[in-house]
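1. Quick one: sequence and predicted model below, then my questions.
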Amino acid sequence: MRLPVFRQLMPSTLVFLCLLTSSAFAQEGELSAEEAAYLEELQAIVDSLNPQTGDITIGGDLVTLSVPKEFYFLDEDDAETVLVDMWGNPPGQEVLGMLFPAGLTPLDHDAWAVTIAYSDDGHVSDDDAADIDYDELLEEMQYEARAANPDRIDEGYEPIEIVGWAEPPHYEASSRKLYWAKEIQFGDMDETTLNYEIRALGRTGVLSMTFIAPTSQLDAINESREAVLAMAEFNSGRRYEDFDSSIDEVAAYGVGALVAGKVAAKTGSLAAAALLLKKVGVFILIGLGALARKMKGMFGSNELTPPK
């Protein structure tokens with residue numbers, strides 16, 4: 001079931017969201033037939049999702065995810081439904097799937113998620129990892145973000161400001177995994193957005209795990225970071241240590257370029273794609289927080305019906 005109304009935040013969409021939100025906050029009164037049908041459509045999409053736990057192979061034989069009961073995984077089709085139809089991102093995200101905390105649906109205000117994607121640009125050398133000046137890199141990223149804002153505005157997006165590191169970059173050489181977090185300001189939004197990234201280096205590419213959340217959820221994400229880091233492992237023959245210089249291609253960039261977001265992936269610029277997901281996702285989640293509470297009453301439950 002599709003919700004094209006979320007694909008672009010047109011004025012009519014904003015008016016409709018305001019209408020629904022005001023109804024949700026109302027102490028008295030009933031939903032109109034149109035509002036009730038719309039909320040039922042949202043619930044139907046939630047019910048259509050197929051959450052998975054345990055050992056899950058993604059990307060063919062690329063990676064195995066070991067998903068504990070504290071989380072659940074949505075495959076690429078369900079992830080596209082959430083990202084595009086529920087959260088209003090452009091279609092064609094080409095992610096391998098998404099992770100959510102157990103007990104929360106994509107409509108819950110306090111839900112956060114992790115998108116999973118893969119870039120097969122070649123073997124990324126980590127020789128530069130120990131020598132990167134991340135403060136200098138941050139200044140460069142801030143400058144480039146400001147310089148790109150006129151183009152973002154021309155394309156109909158809000159300007160962005162990289163406020164700083166929410167979590168400084170850290171590379172674990174033993175596991176070949178890297179994580180960092182940037183705090184991003186979109187336009188004049190009251191709440192900043194968290195751009196929290198994990199990268200796992202493989203034999204001929206990089207697995208990307210991107211958290212979608214507002215900055216206020218940084219503590220919750222930090223508490224779950226080690227669990228998320230541990231979930232994904234490249235399968236035998238696809239690991240970093242399986243690299244064969246005689247037949248495998250080497251990427252034209254290193255660890256520093258991953259953090260800077262200068263790497264072109266199937267979904268476009270890693271930085272641009274991640275920021276868009278967070279900006280639109282946070283807006284929709286905030287707008288639907290009150291709706292979720294109303295839906296709980298409509299469907300006769302203390303909690304929004306979780307995916308089955």
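-> Nice, thanks for sending it over.
2. tell me which element the spatially most central residue of the chain is part of?
-> Of all residues in the chain, the one closest to the mean position by C-alpha atoms, centre = their mean is Ile212, 3.7 Å from it. Assigned by DSSP states H and E, Ile212 falls within strand 206-214.
3. State the next helix or strand along the chain beyond that strand.
-> Under the assignment DSSP H and E, the closest C-terminal helix or strand after strand 206-214 is helix 218-231.
4. Now do the next helix or strand after that next one: distance to the chain's middle.
-> Per DSSP H and E, the first helix or strand lying C-terminal to helix 218-231 is strand 232-234. Distance of strand 232-234 from the chain centroid (C-alpha atoms, centre = their mean, to the nearest Å) equals 18 Å.
5. Just to be sure, Gln142 is in a helix?
-> Yes. Applying DSSP: H, G, I helix; E, B strand; the rest coil, one finds Gln142 inside a helix.
6. Strands along the stretch 101-250 of the chain, start to end?
-> Secondary structure of the stretch 101-250 of the chain, counting by DSSP state E, counting those that start in this stretch: strands at 113-119, 123-125, 160-172, 177-186, 193-201, 206-214, 232-234, 250-254.
7. These into JSON lines, with extra columns for distance to Asn222 and mean pLDDT?
-> (C-beta placed from N, C-alpha, C; glycine too.) Shown next, in JSON lines, are those (distance: least, C-beta to C-beta, whole Å; pLDDT from 0 to 100):
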{"stretch": "strand 113-119", "distance to Asn222": "13", "mean pLDDT": "94"}
{"stretch": "strand 123-125", "distance to Asn222": "25", "mean pLDDT": "95"}
{"stretch": "strand 160-172", "distance to Asn222": "7", "mean pLDDT": "93"}
{"stretch": "strand 177-186", "distance to Asn222": "9", "mean pLDDT": "92"}
{"stretch": "strand 193-201", "distance to Asn222": "9", "mean pLDDT": "91"}
{"stretch": "strand 206-214", "distance to Asn222": "10", "mean pLDDT": "91"}
{"stretch": "strand 232-234", "distance to Asn222": "18", "mean pLDDT": "96"}
{"stretch": "strand 250-254", "distance to Asn222": "26", "mean pLDDT": "92"}
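8. Out of these, flag the one nearest Tyr240.
-> Distance to Tyr240, taken as C-beta to C-beta, is lowest for strand 193-201 among those, at 5.0 Å.
9. sorry, back to before: go through the strands of the stretch 101-250 of the chain and name the closest to Phe243.
-> Of all these, strand 123-125 comes closest under C-beta to C-beta, at 5.0 Å.
10. ok so, going back, with distance to Phe100 as new columns, can the strands of the stretch 101-250 of the chain be given to me in JSON lines?
-> Shown next, in JSON lines, are the strands of the stretch 101-250 of the chain (distance: least, C-beta to C-beta, whole Å):
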{"stretch": "strand 113-119", "distance to Phe100": "5"}
{"stretch": "strand 123-125", "distance to Phe100": "28"}
{"stretch": "strand 160-172", "distance to Phe100": "21"}
{"stretch": "strand 177-186", "distance to Phe100": "19"}
{"stretch": "strand 193-201", "distance to Phe100": "15"}
{"stretch": "strand 206-214", "distance to Phe100": "10"}
{"stretch": "strand 232-234", "distance to Phe100": "15"}
{"stretch": "strand 250-254", "distance to Phe100": "30"}
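11. closest one to Asp133 among these?
-> Nearest of these (C-beta to C-beta): strand 160-172, 10.7 Å.
12. Okay, now the sheet partners of that closest one, with direction.
-> strand 177-186 (antiparallel) (DSSP bridges).
13. Just the buried positions in the partner strand, please.
-> By neighbour count on 16 or more other C-beta atoms under 10 Å, the buried set for strand 177-186 is 177-186.
14. Contacts made by stretch 228-238 with the rest, please.
-> 57, 61-68, 71, 99, 114, 116, 172, 175, 177, 179, 198, 200, 202-204, 207, 209, 240, 242 (C-beta atoms under 8 Å, 6 or more residues apart in numbering).
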